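Peer 1: show me how the following folds:
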Amino acid sequence: MSRAAWHARIECGGAVSGAGFLVAPRTVLTCAHVVQGQEYGPLTVSFPNCRDLGGLAATVAVHGGWSGGWSDPGDLAVLELDREVPLSPARFAPPGAEQSGAHLVAYGFPEGYGEGVLARYRAVSRTLIADEWLQLEAASAHGQPLAGGFSGAALALPDDRVVGMVAQASDETGVRIGRMLPTEVMARYWYDLGALVPAPETDTPAATERLHTLVRRAEAAGLDCRPDQLYRDAVGLLGPEPPAAGFASLRAAAAYVQWQVDDPEAVPGFADRLAELLEPRPEVLAPAASDWTPIVVELERSGEGQEQVTVRVSAYREGQRRPVATERLPRGDVRAYVQQRVDDAFGHLAQDAEALLTFVLPREWLNEPVAHWECGPEDSTPLGCAHPLVVTERSRHRSARLRHRLAGKWRSLEGSSGRAMLHRVDCGSPERPLSLRKRLREEDADLAGFGAPPAAAEDHFNVGLNLPVPVLLWPRTGCAGTGHADPCAGSAFLDALSPYVDGVPPADLPRRIWQLREEAAADEDPDGHWARDVQLLWDDPRCYPEPPASLHTPVA
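Peer 2: Numbering: from 1, shown residues only. Below you'll find the predicted structure:
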């Protein structure tokens, strides 16, 4: 039996009308125009590479809405066979795979070739014609042209993975072009196809299967959600803009995430958000961690260019996140904008709230001197001296896995002595990153201090970020972190820091570092004080609850 026995021949009333391909034990895809003559006779599907099966009766289960004209969209039909067939169905490649330059092979049944014949074509461009078709051109001037009988045939890569379906062929003499429906367009008209086609950069269909299962559950439950906001939450502020008209349905948003967003975390992220709405967690699982009331400033690179930044400012009140402002602007304008919007955010806090300024930064920006930013044009006090101020890392702040583990770590701290000891990571340390990871995990580290900035000890620093270590401290400037054995500025920093933080409850560290910054700024030689550039990453997920209703909150 051929490894591609899933190629199918379609007959209407005993006459061959086109091709198709098996995608499930009882399901065949073809063009709607291939089965338009079904009213004149029975619809029969056969598999030329598995003759023992004979002809199988079929019915049209789904029609794409094609109206009969060659320029009309929706030329897709889903056929249901009268019984399952013991054949392996077609496999699909991610959208865009047709642009690899490889020949695309179609198995069709033009007049005189009842057993079938192959044609080789290439996709001309990724540009859709009328937002529906990709153009095809013959791989050579001497092979089999597309003709009647090829409509509905799968277009497959050399490894037999399907990238689309033949929809049209030119009837002009000497012109060897045609049109194909790519899989992402086909899925507009038959939603279940989306679960069979892997998203770009995804090695397994498991993620997309989960996504589409959740979408169907949400539709069956009549879930009230906003597809546009769900999309925003899944892709983040740096993700592609949604269509100007927004998403007409949850299905449309899911399909856009699957095929139009390059980030491999977008599909599972969208599914996770949807799962949260379908299975909301009890609010008791997200208690307030302390008396802190966060004001959150999120900074992200904008898709508009390296010097464009998206800034989002929020404030919490009674455990609810309240958007204050969101803006994309040049990086040089960020500081002034943050000064103004942080000031606005204080207006959202309760009168007796103790504010905690939290900057959520991309990993490469964690060393930004946000604690030294001035409070405003009329107040030159550094923000880090005016208020407790911490940073956290964006991907860690959004990782459900790490949030869960960090919350458990904080609960353990509260259930024990509630005091942490500094775990040193000296600059120039010969300790390998994997050894450091093992040490921090076995010692159940709650507080890690680094002798060098993140860029100077990147591999070691990433270990601390990727483990659920709630608190990280380091000097923004000082030792370059290169290999050395002698004491240096980084070692001196850790020596001075240790007695200042050892034994302090981690929940109080933002206040302790605030006092330390004030002390350094008030020193007779502030530039020479060892703590002048101390940076504190402090991460208690319970301080930043995201209730299930957050998906209904409008973004400013």
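
Peer 1: any regions of the stretch 351-500 of the chain where pLDDT drops low?
Peer 2: By pLDDT under 70, the low-scoring segments of the stretch 351-500 of the chain are 415-419, 480-487.

Peer 1: strands along that one, start to end?
Peer 2: 354-361, 374-376, 379-382, 389-393, 422-425, 447-450, 471-475 (DSSP state E, counting those that start in this stretch).

Peer 1: of those, which is nearest Thr127?
Peer 2: Nearest of the strands of the stretch 351-500 of the chain to Thr127, taken as CB to CB: strand 354-361 at 37.4 Å. Every residue, glycine included, has its C-beta placed from N, CA and C.

Peer 1: nearest the middle, which residue of the chain would you pick?
Peer 2: Ala266 (1.8 Å; CA atoms, centre = their mean).

Peer 1: any chance of CSV for the strands of the stretch 351-500 of the chain, columns mean neighbour count and distance to Pro182?
Peer 2: Listed next are the strands of the stretch 351-500 of the chain as CSV, based on neighbours: other CB atoms under 10 Å; distance: least, CB to CB, whole Å:
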stretch, mean neighbour count, distance to Pro182
strand 354-361, 21, 37
strand 374-376, 15, 53
strand 379-382, 13, 54
strand 389-393, 24, 37
strand 422-425, 20, 50
strand 447-450, 24, 49
strand 471-475, 25, 46
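
Peer 1: how about these, which one is nearest Gly101?
Peer 2: Nearest of the strands of the stretch 351-500 of the chain (CB to CB): strand 389-393, 39.2 Å.

Peer 1: what does that closest one contact?
Peer 2: Here strand 389-393 makes contact (CB atoms under 8 Å, 6 or more residues apart in numbering) with 356-363, 366, 368, 370-371, 383, 465, 510, 513-514, 535-539.

Peer 1: CA atoms of that strand as CSV?
Peer 2: Written as CSV, here are the backbone C-alpha positions of strand 389-393 (Å, rounded to 0.1, in the frame of the first residue of the first chain):
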residue,chain,number,x,y,z
LEU,A,389,10.7,50.2,44.4
VAL,A,390,11.4,46.8,42.9
VAL,A,391,11.8,45.3,39.5
THR,A,392,10.7,42.0,38.1
GLU,A,393,11.3,40.2,34.8
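
Peer 1: may I see the strands of the stretch 351-500 of the chain organised as CSV, with distance to Leu494 added?
Peer 2: Listed next are the strands of the stretch 351-500 of the chain as CSV, based on distance: least, CB to CB, whole Å:
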stretch, distance to Leu494
strand 354-361, 23
strand 374-376, 29
strand 379-382, 23
strand 389-393, 19
strand 422-425, 5
strand 447-450, 5
strand 471-475, 9
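
Peer 1: quick check, Val311 in contact with Asp333.
Peer 2: No: using CB atoms under 8 Å, Val311 makes no contact with Asp333, being 9.2 Å away.

Peer 1: show me which of those two is the more surrounded one.
Peer 2: Set Val311 next to Asp333 and count neighbours by other CB atoms under 10 Å: Val311 wins out with 20 against 12.

Peer 1: element containing that one?
Peer 2: Val311 belongs to strand 308-317 when elements are defined using DSSP states H and E.

Peer 1: in that strand, what counts as buried?
Peer 2: 309-316 (16 or more other CB atoms under 10 Å).

Peer 1: from Leu136, how far off is the residue lying closest to Leu357 once chain neighbours are set aside?
Peer 2: With sequence-adjacent residues excluded and distances taken as CB to CB, 6 or more residues apart in numbering, Leu357 is closest to Leu389, at 4.3 Å. Going from Leu389 to Leu136 by CB to CB, to the nearest Å gives 58 Å.

Peer 1: quick check: Gln144 is in a strand.
Peer 2: No: if the criterion is DSSP: H, G, I helix; E, B strand; the rest coil, then Gln144 is coil and not within a strand.

Peer 1: got the contact list for Leu406?
Peer 2: The contact partners of Leu406, taken as CB under 8 Å, 6+ apart, are 468, 470, 539-541.

Peer 1: what comes up buried for the strand or helix carrying Gln229?
Peer 2: Element membership of Gln229 [criterion: DSSP H and E] is helix 227-235. The neighbour-count check on helix 227-235 (16+ other CB under 10 Å) flags 227, 229-235 as buried.

Peer 1: quick one on the thing from earlier: next one: the residue nearest to the centre of the chain, what pLDDT does it get?
Peer 2: If you check Ala266, the pLDDT there is 81.

Peer 1: is it true that it touches Ala234?
Peer 2: Yes: counting by CB under 8 Å, Ala234 is a contact partner of Ala266 at 5.7 Å.

Peer 1: find residues that contact each of those two.
Peer 2: Contacts common to Ala266 and Ala234, judged by CB under 8 Å, 6+ apart, are Val257.

Peer 1: distance between stretch 457-464 and the chain's centre?
Peer 2: Centre-to-centre, stretch 457-464 and its host chain are 24 Å apart (CA atoms, centre = their mean, to the nearest Å).

Peer 1: scratch that, stretch 362-377 is what I was asking about
Peer 2: 27 Å.

Peer 1: got the end-to-end distance for it?
Peer 2: Length of stretch 362-377, first residue to last, CA to CA, to the nearest Å: 26 Å.

Peer 1: list the buried residues for that stretch?
Peer 2: 362, 365-368, 370-373, 375.

Peer 1: can you put those in TSV and add distance to Leu81?
Peer 2: As requested, those are exported to TSV (distance: CB to CB, whole Å):
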residue	distance to Leu81
Pro362	52
Trp365	56
Leu366	57
Asn367	62
Glu368	61
Val370	63
Ala371	67
His372	70
Trp373	67
Cys375	71
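
Peer 1: among those, which pair sits farthest apart?
Peer 2: Within the buried residues of stretch 362-377, Pro362 and Cys375 form the most distant pair, 23.9 Å apart (CB to CB).

Peer 1: of the buried residues of strand 308-317, closest to Pro73?
Peer 2: Thr310 (35.1 Å).

Peer 1: after the strand or helix carrying Val105 comes which helix or strand?
Peer 2: In this structure, Val105 sits in strand 104-108 according to DSSP H and E. Along the chain past strand 104-108, the next helix or strand (assigned with DSSP H and E) turns out to be strand 117-123.

Peer 1: now for that next one, which elements pack on it?
Peer 2: In terms of contacts (3 or more CB pairs under 8 Å, 6 or more residues apart in numbering; DSSP states H and E), strand 117-123 is packed against strand 104-108, strand 134-138.

Peer 1: and His348, which of the ones you listed is closest to it?
Peer 2: Nearest to His348, of the helices and strands packed on strand 117-123 and by CB to CB, is strand 134-138 at 49.9 Å.

Peer 1: ok, the next helix or strand after that closest one: who's next to it in the sheet?
Peer 2: Counting by DSSP H and E, the next helix or strand C-terminal to strand 134-138 is strand 154-156. Strand 154-156 has the following strand partners under DSSP bridges: strand 104-108 (antiparallel), strand 161-169 (antiparallel).
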